[in-house]
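[1] any chance you could fold what I've pasted below:
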Amino acid sequence: METFRHIGILAHPLRSGTAPIAQSVTQWLQARGIETWVRTAWDATRAQPLVHGSDLVIAIGGDGAMLRAARVCAPENVPMLGINAGHLGFLAEVSPDDWEQSLEMVLAGDYWIEQRMMIRCEIWRGEDLLGSSDALNDVVISRGAIAKSIRLDTYIDGAWATTYHGDGLIIATATGSTAYALAVGGPILPPELKNILVVPVAPHLSMDRPMVLSQGAMIQVVVDPHTATEVVLTVDGELLASLESSDHVTVRASDHVSRFVRLRDRNYFYRSLLDRLEPRVPARAPSGPEPKRVNNLVVSRQNPQ
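    Numbering: from 1, shown residues only. Prediction:
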């Protein structure tokens with residue numbers, strides 16, 4: 001189990017309520033002899049040197065803060081602990097009301113590390129690399145402000161697959177399967193999977209089903225020359241580039257992974273997800289007898305009364 005003696009704190013720069021939490025956490029850690037640094041206004045360029053050499057980064061904010069921090073921490077192999085100060089906080093682990101108890105558990109070693117796959121995106125114009133970035137959630141190629149559909153020629157492992165004609169295309173990780181991809185009808189993938197998910201957005205007379213690519217696959221998307229409207233590319237919701245006709249984008253598994261400090265049980269994912277999808281249904285223990293198991297498989301269960 002890792003020992004955390006040098007901890008950084010990244011508060012969401014656009015959420016004013018995160019700064020007081022960051023200050024309280026800093027004082028609490030320093031009182032216990034932990035070396036700390038804190039930033040309440042930051043970008044990747046300024047945060048990267050601080051993350052290097054840190055044992056842990058505490059990100060304070062919503063899921064957007066987790067995504068931004070993940071792209072900074074993953075190249076340094078530094079784990080993250082999220083304190084939720086946003087609306088959803090699906091990636092965050094700690095409530096802002098009980099962060100002291102949670103940090104006590106972390107410092108005592110009562111935690112586990114969850115690793116999540118990231119994807120690497122590269123943008124090419126001919127032989128020139130225009131830009132690249134890792135994503136924890138997704139890479140999205142979509143139309144701009146004008147409501148006209150775009151055409152995207154799509155290749156999987158070098159072979160032409162299809163041409164999408166619609167509002168855009170989402171290329172997501174398992175983590176991203178519960179984000180934008182879920183909102184447009186994509187499947188839910190458990191976070192330990194290392195597959196890439198491809199989901200079209202508002203397809204018109206073209207392939208309209210999501211695809212889950214095999215582990216290790218690479219996808220290439222080319223802006224069709226007949227596309228005459230603006231095409232933009234975003235990474236985890238942040239604009240990376242405007243694309244032109246014949247530009248191509250490649251996406252594959254990144255060499256980096258995001259590491260999250262978890263305090264919940266290792267099977268937390270489905271319960272956490274369903275609590276958000278069905279907020280009116282209270283969480284409860286299943287009633288009735290335990291299911292009969294054969295070789296660890298459920299074979300029968302009586303209906304709850």
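[2] okay, domains of the chain per the record?
    What automatic domain parsing lists as the domains of the chain is 6-110, 118-255.
[3] closest to residue 261 out of these?
    Minimum separation from residue 261 across these (Cβ to Cβ) falls at domain 6-110, 4.2 Å. Where C-beta positions appear, they are placed from N, C-alpha and C, glycine not excepted.
[4] all strands for the stretch 51-200 of the chain, in order.
    Applying DSSP state E, counting those that start in this stretch to the stretch 51-200 of the chain gives strands spanning 56-61, 80-84, 112-125, 128-135, 138-143, 150-156, 159-166, 168-172, 197-201.
[5] reformat the domains of the chain as TSV; add distance to residue 265, mean neighbour count and mean pLDDT.
    Formatted as TSV, the domains of the chain follow (distance: least, Cβ to Cβ, whole Å; neighbours: other Cβ atoms under 10 Å; pLDDT from 0 to 100):
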stretch	distance to residue 265	mean neighbour count	mean pLDDT
domain 6-110	12	18	91
domain 118-255	14	18	96
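[6] tell me which of the ones you listed approaches residue 263 most closely.
    domain 6-110 (5.7 Å).
[7] pull the distance from the closest one to the chain's centre.
    Relative to the centre of its chain, domain 6-110 is centred 16 Å away, using Cα atoms, centre = their mean, to the nearest Å.
[8] and stretch 120-128, by the same measure?
    On Cα atoms, centre = their mean, the centre of stretch 120-128 falls 22 Å from the chain's centre.
[9] hey, C-alpha coordinates of it in CSV?
    C-alpha atoms of stretch 120-128 as CSV (Å, rounded to 0.1, in the frame of the first residue of the first chain):
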residue,chain,number,x,y,z
ARG,A,120,-5.0,8.8,-27.1
CYS,A,121,-6.2,11.1,-29.8
GLU,A,122,-4.0,12.5,-32.7
ILE,A,123,-5.1,15.0,-35.4
TRP,A,124,-3.3,14.8,-38.7
ARG,A,125,-3.4,17.1,-41.7
GLY,A,126,-1.6,15.3,-44.4
GLU,A,127,1.8,14.4,-42.9
ASP,A,128,1.6,17.1,-40.2
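[10] quote the end-to-end distance of stretch 209-229.
    End-to-end span of stretch 209-229 (Cα to Cα, to the nearest Å): 24 Å.
[11] sorry, slip of the keys, the one I care about is stretch 171-189.
    13 Å.
[12] for that stretch, the distance to its chain's centre please.
    10 Å.
[13] repeat for stretch 254-268
    Distance, stretch centre to chain centre, for stretch 254-268: 11 Å (Cα atoms, centre = their mean).
[14] repeat that for stretch 227-236.
    On the basis of Cα atoms, centre = their mean, stretch 227-236 sits 20 Å off its chain's mean C-alpha point.
[15] which residues does it contact?
    With contacts defined as Cβ atoms under 8 Å, 6 or more residues apart in numbering, stretch 227-236 is touched by 67-68, 71, 121, 123, 133-146, 148-152, 223, 239-245, 247, 249.
[16] ditto for stretch 124-134
    Identification of contacts with stretch 124-134 by Cβ under 8 Å, 6+ apart yields 71, 74-75, 118-123, 235, 240-241, 244, 246-250, 254, 256.
[17] quick one: the strands of the stretch 51-200 of the chain as a markdown table, columns for distance to residue 99 too.
    A markdown table is the format used below for those (distance: least, Cβ to Cβ, whole Å):
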| stretch | distance to residue 99 |
| --- | --- |
| strand 56-61 | 9 |
| strand 80-84 | 5 |
| strand 112-125 | 18 |
| strand 128-135 | 28 |
| strand 138-143 | 29 |
| strand 150-156 | 43 |
| strand 159-166 | 43 |
| strand 168-172 | 30 |
| strand 197-201 | 33 |
